[in-house]
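Q: Just the structure for this:
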Amino acid sequence: MESADAATFDESYYARYYFDKKTKVADPRHVERLGAFVSAYLKYLRVPVQRVLDVGCGVGLWRDIVARHFPQATYQGVEISEYLCARYGWERGSIVDYQAQAPFDFVICQGVLAYLSPVDLKRALRNLGTLSHGALYVEAVTLEDYENDIVDEDLTDPLLFRHRAELYRQGLSRKFKGLGGGLWLSRRADVPLFSLECAVE
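A: A predicted model of the protein is given here:
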């Protein structure tokens, strides 16, 4: 199977998963709580955040969170969807091969990776290691989430790949230390961590 292509993410896709009250999976209140948690933990760890990349930024739910918690930071939204780029002015690009002139302090990758084939997923995980020299937040539905009945399959996009969690962990652990809660810290970051602040490697 191939990764979902740009045509998948058209106006009807966002109407269904973001705007229709009966079928939407995007909950701004959930993202607010999540953003508060992630931002507070980065502040606690003293991770400097000046440049933020939100790759697969969708309708931009993280933009106001970043502005509120890191008012000094710049926010770069990147999207593969032509529809969203035209509507919101995001930069067009894919996590698989997006390149920047310099790495970012904080990269957000929420709800994107499960749309990628195994080959593209490996490329994307390597690319995240290049794009962030600081923190990374990743959210992706895994095979185990389906097996443990955590996923509502009536609402979840059937195009998602069911990659094992270990595939994500292996790909990210080459360049990042896992912190739990979806947070990762680049091995290049000059941020001291207590042993129990890191997930078991």
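
Q: Looking at the closest residue to residue 138 other than its chain neighbours now. What's its pLDDT?
A: Closest residue to residue 138 apart from its sequence neighbours, by CB to CB, 6 or more residues apart in numbering: residue 109 at 5.1 Å. Placement of C-beta: from N, CA and C, glycine included. Residue 109 carries a pLDDT score of 98 in this model.

Q: so residue 109, which of the three states?
A: strand (DSSP: H, G, I helix; E, B strand; the rest coil).

Q: pretty sure residue 16 belongs to a helix, no?
A: Yes: under three-state DSSP, residue 16 falls within a helix.

Q: Check the average confidence over the longest helix anywhere in the chain, would you?
A: The longest helix of the chain (DSSP state H) is helix 28-45. On average, the pLDDT along helix 28-45 is 95.

Q: Would you mark the buried spots in it?
A: Buried residues in helix 28-45, defined by neighbour count with 16 or more other CB atoms under 10 Å: 31, 34, 35, 38, 39, 41, 42, 45.

Q: nearest to residue 58, of those residues?
A: Proximity to residue 58 was ranked across those by CB to CB; first place goes to residue 31, at 9.8 Å.

Q: ok, the nearest residue in space to that closest one that is not next to it in sequence to residue 111 distance?
A: In space, and not counting its chain neighbours, residue 31 is closest to residue 61: 4.5 Å by CB to CB, 6+ apart. For residue 61, the distance to residue 111 equals 10 Å [CB to CB, to the nearest Å].

Q: Compare neighbour counts for these two and give me the winner.
A: The neighbour comparison of residue 61 against residue 111 (other CB atoms under 10 Å) goes to residue 61, with 20 against 17.

Q: which SS class is residue 134?
A: Per three-state DSSP, the secondary structure class of residue 134 is strand.

Q: I'd guessed it sits against residue 46; true?
A: No: proximity of residue 134 to residue 46 does not meet the contact threshold set by CB atoms under 8 Å, at 10.9 Å.

Q: what about those two, which has more around it?
A: Taking other CB under 10 Å, residue 134 and residue 46 do not tie; residue 134 has more neighbours (24 against 8).

Q: That one: what's its closest spatial neighbour, skipping adjacent residues?
A: residue 105 is the one closest to residue 134 (CB to CB, 6+ apart), at 4.0 Å.

Q: would that neighbour count as being in a helix?
A: No: judged by three-state DSSP, residue 105 forms no part of a helix; its state is strand.

Q: neighbours around it, how many?
A: Residue 105 has 21 neighbours, counted by other CB under 10 Å.

Q: How many neighbouring residues does the residue nearest to residue 138 have?
A: For residue 109, using other CB under 10 Å, the count is 26.

Q: I'd say it and residue 131 touch.
A: No: with contact defined as CB under 8 Å, residue 109 does not count as touching residue 131 (9.1 Å).

Q: ok, which stretches of this structure are helices?
A: Under DSSP H, the chain gives helices at 11-14, 28-45, 61-69, 82-88, 118-131, 143-147, 165-173.
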